[in-house]
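*Asks:* next come a sequence and a model predicted from it.
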Amino acid sequence: MNIKNWPRHTIQALWALLTNSHLSGFVTGKIYTGKLKNACVPGLNCYSCPGAAGACPIGSLQAVVGSWNFKFAYYVIGFLIFVGAILGRLVCGFLCPFGLIQDLLNKIPFPKKIRTFKWDKVLRKLKYVIFLVFVILLPLFLTDIMGQGAPYFCKLICPAGTLEGGLPLVLLNKAMRGAIGGLYIWKNTILIVTIILSIIIYRPFCKYICPLGAFYSIFNKVSIYRYSVDMDKCIRCGKCAKACLMEVNPVENPNSPECIRCGRCKQACPVHAIASGCKR
C-alpha cells in the first residue's frame with residue numbers, strides 16, 4: 001500500500017514549530033511568560049518547554065481544577081470541549097508535537113514491530129483512569145493550605161514534559177542540575193521506556209497513557225469533523241484496517257475513540273469508500 005505520511009508530518013512539524021516559536025528560550029534556558037502563555041494550545045506541548053509560546057491544556061486543567069480561579073477553570077474546560085467538539089482526535093494526528101515525536105521514533109527499524117498483543121484493549125482503558133485520577137481527582141482533593149492542587153500528571157508521569165521541558169531546562173540551567181533528585185530520575189525512566197516502546201509499538205503514549213487523547217476521544221463520534229464509510233462502495237477487502245496503526249477497523253467503527261484521523265485508511269482504500277469532513 002502506498003501510504004504517504006509526509007504531508008501530515010509536515011503539518012505536524014510546522015505546528016510544533018509554531019507552538020514552540022520562542023526560540024530564544026533554547027539559548028537562554030528561560031521559559032516564555034508573556035501574554036500568549038495564558039492561551040492553551042490544542043495538543044500536548046509542555047508549558048515548561050523553553051520554546052513554548054502557549055500553555056498545555058492538561059497542565060492548565062490540573063492547575064485550576066481545584067483552584068479558586070473558577071473563571072480560568074471554565075476557560076480551560078470550555079476550550080477542551082470546543083476543540084473536541086470540532087475536531088475530536090484529529091488533534092492527536094495532526095497537532096500534537098509529542099505525537100510527531102512518536103511517529104518518527106516508530107520509523108526506526110526494529111527486528112519485530114508489535115501491532116497488538118493480549119492486553120492491548122484492556123491497557124487502552126488506562127488513559128481514562130489516568131485522566132480521572134491524576135488530572136481531576138488528585139488536584140481537586142489533594143491540595144495545599146492555600147487550596148491549590150498540584151499538576152500531578154505533569155509532576156509524576158508525563159514523558160512529554162520531561163523531554164520538552166525537564167531535559168532542556170536542566171541542560172541549559174546550571175543551577176537546576178543541583179536540584180536533580182529521585183523524581184527527576186523517575187521521570188527520565190518513564191521517558192526512556194516510552195522512547196523504547198515507541199520504536200516497537202506505534203504511539204504507545206497515545207494508546208495507553210495520554211489523558212488529553214482520552215478526553216478528545218469522547219468526542220470522536222459526535223465531533224463536527226469525522227469519518228464516514230460508503231458501504232455501497234466498500235468491497236470489504238480489509239486494506240483500511242491493515243493500514244491503521246492504531247488498530248481500528250474503519251468499516252466497523254469509522255469514528256472509534258482510538259482513531260487519530262491520520263488518513264492512512266483513506267489512502268489505503270482502493271475504491272475511495274472512506275470520506276472525512278464536517279458532518280451535521
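*Replies:* Okay, I see it.

*Asks:* hang on, Phe153 packs against Phe134?
*Replies:* Yes: if you go by C-beta atoms under 8 Å, Phe153 and Phe134 touch, sitting 4.0 Å apart. For glycine as for every other residue, the C-beta is placed from the backbone atoms N, C-alpha and C.

*Asks:* so which of the two has more stuff around it?
*Replies:* It is Phe153, of Phe153 and Phe134, that has more neighbours when counted by other C-beta atoms under 10 Å, with 25 against 21.

*Asks:* what is the mean pLDDT for the host helix or strand of that one?
*Replies:* Per DSSP states H and E: Phe153 is located in helix 152-156. Computed over helix 152-156, the mean pLDDT rounds to 94.

*Asks:* which other helices and strands does it contact?
*Replies:* helix 57-64, helix 182-200 (3 or more C-beta pairs under 8 Å, 6 or more residues apart in numbering; DSSP states H and E).

*Asks:* returning to what we had before: overlap in contacts, Phe153 and Phe134.
*Replies:* Shared contacts of Phe153 and Phe134 (C-beta atoms under 8 Å, 6 or more residues apart in numbering): 62, 211.

*Asks:* that older thread, same list (the helices and strands packed on helix 152-156) but as JSON lines, adding mean neighbour count.
*Replies:* Listed next are these as JSON lines, based on neighbours: other C-beta atoms under 10 Å:
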{"stretch": "helix 57-64", "mean neighbour count": "25"}
{"stretch": "helix 182-200", "mean neighbour count": "15"}
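
*Asks:* between those helices, which one is closest to Arg8.
*Replies:* Closest to Arg8 of the helices and strands packed on helix 152-156 is helix 182-200 (C-beta to C-beta; 16.9 Å).

*Asks:* check what contacts the closest one and list those residues.
*Replies:* 101-102, 105-106, 108, 110, 112-114, 155-159, 161-163, 166-167, 170, 204-205, 209.

*Asks:* pull that helix out as PDB, backbone CA atoms only.
*Replies:* What follows is helix 182-200 as a C-alpha-only set of coordinates in PDB (Å, rounded to 0.1, in the frame of the first residue of the first chain):
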ATOM      1  CA  GLY A 182      14.700  10.800  42.700                       C
ATOM      2  CA  LEU A 183      11.700  12.400  41.000                       C
ATOM      3  CA  TYR A 184      13.800  13.600  38.100                       C
ATOM      4  CA  ILE A 185      15.300  10.100  37.700                       C
ATOM      5  CA  TRP A 186      11.900   8.500  37.800                       C
ATOM      6  CA  LYS A 187      10.500  10.800  35.100                       C
ATOM      7  CA  ASN A 188      13.500  10.100  32.900                       C
ATOM      8  CA  THR A 189      13.000   6.400  33.400                       C
ATOM      9  CA  ILE A 190       9.400   6.800  32.100                       C
ATOM     10  CA  LEU A 191      10.700   8.800  29.200                       C
ATOM     11  CA  ILE A 192      13.300   6.200  28.300                       C
ATOM     12  CA  VAL A 193      10.700   3.400  28.500                       C
ATOM     13  CA  THR A 194       8.300   5.500  26.300                       C
ATOM     14  CA  ILE A 195      11.000   6.100  23.700                       C
ATOM     15  CA  ILE A 196      11.900   2.400  23.500                       C
ATOM     16  CA  LEU A 197       8.300   1.300  23.300                       C
ATOM     17  CA  SER A 198       7.600   4.000  20.600                       C
ATOM     18  CA  ILE A 199      10.200   2.300  18.400                       C
ATOM     19  CA  ILE A 200       8.500  -1.100  18.800                       C
END
